[in-house]
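Participant: Would you be able to build a 3D model of this:
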Amino acid sequence: MKRSVRMITAAALIVALLSCSACNLTRAFNLDPSSRQSSETLTAPTETTSFMPETQTAPALPETTVPVTETTSEAPTEAPQLSVQEVINLYADALNRTRAYTGTVSVHHTETFSGNVVEAQPLGALTTKLANTLVSMIGDPADSTLTFNGGTGVNEDGETVPILLPKRGAFSLSSEGVRNAFSDTANGMRHVVINLLPETVDFGGIPYYNAGAIGYLDTASLDFKVIKINSCTITYTGSVIDAYIRDDGYISSVNYTINLSVEGSVTGLGITGSGIMEGVEYESWEILW
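Facilitator: Numbers count the residues shown, from 1 in each chain. Modelled structure (predicted):
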């Protein structure tokens, strides 16, 4: 979706940056962390002393011999926990297998974007209200059933794309880019959740881990015409891959969540504006085998 946002007043200059970014974001992840999470600070338990009332010693009882029967018991065996890299490999193998499927398959695809301008200058509240209104207008949600043959299909925008994300190239992710990951069993399938670390890039930059695992907002391709971008910082605050894998190794469904914050300053028509927008891109793929 390539909608253009017309600037009506100088107060809407910042909207051009934020809303155009949001507009392109809604399709940036179609089939296409600043630091590791700090460890939790644990508070040592307070040492306490308990006092028991004195009691008299009970009289000794005659000694008796109790026959002892030897028994052996084994501790319950828990399923081995996978390492972060093993979880990544499990998901990557399933994704590659699914993409290599040569038959025809339908996919129920949904996509939504929600954004909120948390700060905007000049004209503060007025600009914020206008920006939020435009963001709500350009969300452009998707809900359709797509057909894929030999691993590729045509999405809502008429683009030929591979099944599942990322849209550009093969899946690539190392444990260095992951906050945490786990795998369990749910709904009779392997359930995999991968939480990426935050990443911050400037305008035109590519977030390394998000790009390889899911996708990213391609700001380098945006054309703002009469607007000069003074600064733009995009922070991917923690993307999530939530997948279900069938017993035969094929993916049943994947939910992608891309959380991000856009902070920028632009100049146009002789006026400079700045602002911060926070948004969430949610994309769901259910493969109808």
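Participant: And stretch 263-274, what's buried?
Facilitator: Neighbour counts using 16 or more other CB atoms under 10 Å place 263-266, 268, 273-274 of stretch 263-274 among the buried residues. The way it works is simple: take the backbone N, C-alpha and C, and place the C-beta from them, glycine included.
Participant: Direction included, what does the one helix or strand A243 maps to pair up with?
Facilitator: For A243, the enclosing helix or strand under DSSP states H and E is strand 240-245. Using DSSP bridges, the strands paired with strand 240-245 are strand 189-196 (antiparallel), strand 251-268 (antiparallel).
Participant: re earlier: need the buried residues of stretch 263-274 in TSV (columns: pLDDT and distance to D202).
Facilitator: Shown next, in TSV, are the buried residues of stretch 263-274 (pLDDT from 0 to 100; distance: CB to CB, whole Å):
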residue	pLDDT	distance to D202
E263	90	11
G264	86	10
S265	87	12
V266	82	14
G268	79	20
G273	83	18
S274	87	15
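Participant: which of the residues you listed sit farthest apart?
Facilitator: Maximum pairwise distance among the buried residues of stretch 263-274 (CB to CB): 17.5 Å, between E263 and G268.
Participant: what residue ranges in the stretch 101-250 of the chain score low on pLDDT?
Facilitator: Within the stretch 101-250 of the chain, the stretches with pLDDT under 70 are 127, 130-139, 224.
Participant: Tell me which stretches of it form strands.
Facilitator: 104-121, 142-149, 152-154, 160-162, 178-186, 189-196, 199-202, 228-236, 240-245 (DSSP state E, counting those that start in this stretch).
Participant: Nearest approach to E283 belongs to which of those?
Facilitator: strand 104-121 (4.7 Å).
Participant: how many degrees apart are the closest one and strand 251-268 in direction?
Facilitator: If you take axes from the mean of the first three to the mean of the last three CA atoms, to 10 degrees, strand 104-121 sits at 30 degrees to strand 251-268.
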